[in-house]
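Colleague: Dropping the sequence and predicted coords here.
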Amino acid sequence: MTVKVQLWSYFRELAGCAELEVVLPDGATLGRLLDEVHRLHPRLAPLRNSTLTAVGVEYQGQSHVLCDHDEVSLFPPVQGG
Amino acid sequence: MTVKVQLWSYFRELAGCAELEVVLPDGATLGRLLDEVHRLHPRLAPLRNSTLTAVGVEYQGQSHVLCDHDEVSLFPPVQGG
Amino acid sequence: MHRELLITREPIDEPALVASRAAHPQCGAVVTFSGLVRDRESDSGIEALDYTAFVPMAEHQFARLFDELEQRWPVASVRLVHRLGPVAVGEASLWIELLAPHRAEALAACQWLIDELKRVVPIWKQAVR
Amino acid sequence: MHRELLITREPIDEPALVASRAAHPQCGAVVTFSGLVRDRESDSGIEALDYTAFVPMAEHQFARLFDELEQRWPVASVRLVHRLGPVAVGEASLWIELLAPHRAEALAACQWLIDELKRVVPIWKQAVR
């Protein structure tokens, strides 16, 4: 299956891109996706513990099971206000 | 000595006056003044425990010793805001 | 600490007060509180509250509260307006604005100031039905 | 609970927002919070903060916070504006207004809402020096 990954805030500068598509085995989790994104963009890997993860507009944890065509967002801690 | 007493809020309606002058022995306390005001205006007496007392623009307690020409204010709990 | 106090019989013009806020570039938080006259008092409907004050003492007690506020929190500015006379339901009887570097201190100072003014500032209200 | 949310690149017109407040005759307390850009960030001077957001998720997360706010406190109205793009020092990046019957609940809800939005709403800022 293929999921679309959006990066936000300074993750874009670190990775050098805002959006990528990742091919994963069916039933892969968000954690498995992070492994793959970090393999492709190793400068994001050291920030793994503070990375926030969402599928669509909802936060999801690393054990969340992804579906084909999911839109995943990865971003650093939020700073609004 | 003579002190001027101002009543505020519904103490005016209860006493039927806004201001009175009270003659007291030298060295009399605010508590002694309250006794005298309550003798003159007995409808204020039941409210003694909730009555707030000030000399000039400062709160003072019943043991405060008054001076000639002091301006004393008596009023119910405040309700601003 | 910048301080402004106004005890007035005029309506409180909240938008104008907000528009006249001075710049404090080290402040990240502005908290304002408006106290509005509710349509009920002691479980019965009212049309207005009529506020009276012992004005010189009220001014003095507000000044004391501002002194203490300044000791307790790093507030850069406090502005307070209290209206007297009849105030119709929905209108503001009280307006407070506090500026501070951070939100927690501005909110805490606001809560404290309202609690204290309701304890010590000689202002009273009477329901108009 | 009345709710309004605006995520905008336009300056926040605080006086106009205050002037457009709707009547809620059962409410005695209005708390507003303005978050202003401070002249320093991480101990060095700045000219502005540039805000970006993942807007659809920000809107959804604000809606969730408003739902929870309504469960927790008897708030009659919440209005919130968050600005995006460059916001100069002294300008507001955030404006919140809460109306409630009494002050304690309005102030507590305001504190909670700001704390939560800084935890979950996907908005980020970058210093402009």
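Modeller: Ah, there it is.
Colleague: List the buried residues of stretch C:13-25.
Modeller: C:13-15, C:17-18, C:21, C:24 (16 or more other Cβ atoms under 10 Å in any protein chain shown). No exception for glycine: its C-beta is placed from N, CA and C like everyone else's.
Colleague: Out of the residues you listed, which sit inside helices?
Modeller: In helices, judged by DSSP state H, the following of the buried residues of stretch C:13-25 are found: C:14-15, C:17-18.
Colleague: hey, where'd the helices end up in chain A?
Modeller: A:10-15, A:30-40.
Colleague: who wins for proximity to chain B among the ones you listed?
Modeller: Closest to chain B of these, according to Cβ to the nearest Cβ: helix A:10-15, at 45.7 Å.
Colleague: any chance of the buried residues of stretch C:13-25 in a markdown table, plus distance to residue C:48 and pLDDT?
Modeller: Converted to a markdown table, the buried residues of stretch C:13-25 look like this (distance: Cβ to Cβ, whole Å; pLDDT from 0 to 100):
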| residue | distance to residue C:48 | pLDDT |
| --- | --- | --- |
| C:13 | 18 | 98 |
| C:14 | 18 | 98 |
| C:15 | 22 | 98 |
| C:17 | 21 | 98 |
| C:18 | 24 | 98 |
| C:21 | 29 | 97 |
| C:24 | 35 | 96 |
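Colleague: Residue 78: what's it in contact with?
Modeller: No chain in the question, so chain A it is. By Cβ atoms under 8 Å, 6 or more residues apart in numbering or on different chains, the residues touching residue A:78 are A:52, D:118-124.
Colleague: my bad, chain C
Modeller: Counted by Cβ under 8 Å, 6+ apart, residue C:78 has contacts C:1-4, C:66, C:69, C:96-99, C:109, C:113.
Colleague: Which of the three states applies to it?
Modeller: Here residue C:78 is recorded as strand under DSSP: H, G, I helix; E, B strand; the rest coil.
Colleague: Distance check, it against chain A.
Modeller: Residue C:78 is 22 Å from chain A, where distance means Cβ to the nearest Cβ, to the nearest Å.
Colleague: Of all the helices of chain A, which one is nearest residue D:52?
Modeller: Between residue D:52 and the helices of chain A, the shortest gap by Cβ to Cβ is with helix A:10-15, which sits at 9.5 Å.
Colleague: For the residue in chain A positioned nearest to chain B, give me its contacts.
Modeller: When scored by Cβ to the nearest Cβ, chain A has residue A:81 as its residue closest to chain B, at 28.0 Å. By Cβ under 8 Å, 6+ apart, the contact set of residue A:81 is D:35, D:82, D:93-94, D:114, D:117-118, D:123.
Colleague: same thing but at 7 Å, please
Modeller: D:35, D:93-94, D:114, D:117-118 (Cβ atoms under 7 Å, 6 or more residues apart in numbering or on different chains).
Colleague: Of all residues in chain C, which one is closest to chain A?
Modeller: residue C:103 (8.1 Å).
Colleague: From residue A:40, how far out is the residue lying closest to that residue once chain neighbours are set aside?
Modeller: In space, and not counting its chain neighbours, residue C:103 is closest to residue C:29: 4.2 Å by Cβ to Cβ, 6 or more residues apart in numbering or on different chains. Going from residue C:29 to residue A:40 by Cβ to Cβ, to the nearest Å gives 41 Å.
Colleague: The two - which one has more neighbours?
Modeller: residue C:29 (24 against 13; other Cβ atoms under 10 Å in any protein chain shown).
Colleague: and stretch C:7-14 with chain B, contact?
Modeller: No. Counting by Cβ under 7 Å from any Cβ of the partner chain, chain B is not contacted by stretch C:7-14; separation bottoms out at 9.7 Å.
Colleague: quick one: that stretch near chain D?
Modeller: Yes. Contact of stretch C:7-14 with chain D (Cβ under 7 Å from any Cβ) involves residue C:14.
Colleague: So for that stretch, what gets flagged as buried?
Modeller: Across stretch C:7-14, burial judged by 16+ other Cβ under 10 Å covers C:7, C:12-14.
Colleague: repeat for stretch A:23-37
Modeller: A:24, A:28-30, A:32-34, A:36-37.
Colleague: ok, so of those residues, who is nearest chain D?
Modeller: For the buried residues of stretch A:23-37, the nearest to chain D is residue A:30 (15.3 Å; Cβ to the nearest Cβ).
Colleague: Kindly list the main-chain dihedrals of the residue nearest to that closest one when sequence neighbours are not counted?
Modeller: What sits nearest to residue A:30 in space, not counting adjacent residues and going by Cβ to Cβ, 6+ apart, is residue A:64, at 4.6 Å. Dihedral angles phi and psi of residue A:64 (degrees, to the nearest 10) take the values phi -60, psi 130.
Colleague: Pull the number of nearby residues for residue A:64.
Modeller: 17.
Colleague: what's the weakest-modelled helix or strand in chain C?
Modeller: strand C:40-41 (a mean of 85; mean pLDDT, DSSP states H and E).
Colleague: just how off-centre is it within its chain?
Modeller: 20 Å (Cα atoms, centre = their mean, to the nearest Å).
Colleague: Also stretch C:6-16?
Modeller: With Cα atoms, centre = their mean, you get 11 Å for stretch C:6-16.
Colleague: which residues sit against it?
Modeller: Taking Cβ under 7 Å, 6+ apart as the rule, stretch C:6-16 contacts C:34, C:53, C:55, C:58-59, C:81-85, C:91-92, C:95, D:15, D:18-19.
Colleague: ends of that stretch, how far apart?
Modeller: End-to-end distance for stretch C:6-16: 14 Å, by Cα to Cα, to the nearest Å.
Colleague: Poorly predicted segments of chain A, please.
Modeller: Chain A contains no residues with pLDDT under 70.
Colleague: This completes my enquiry, with thanks.
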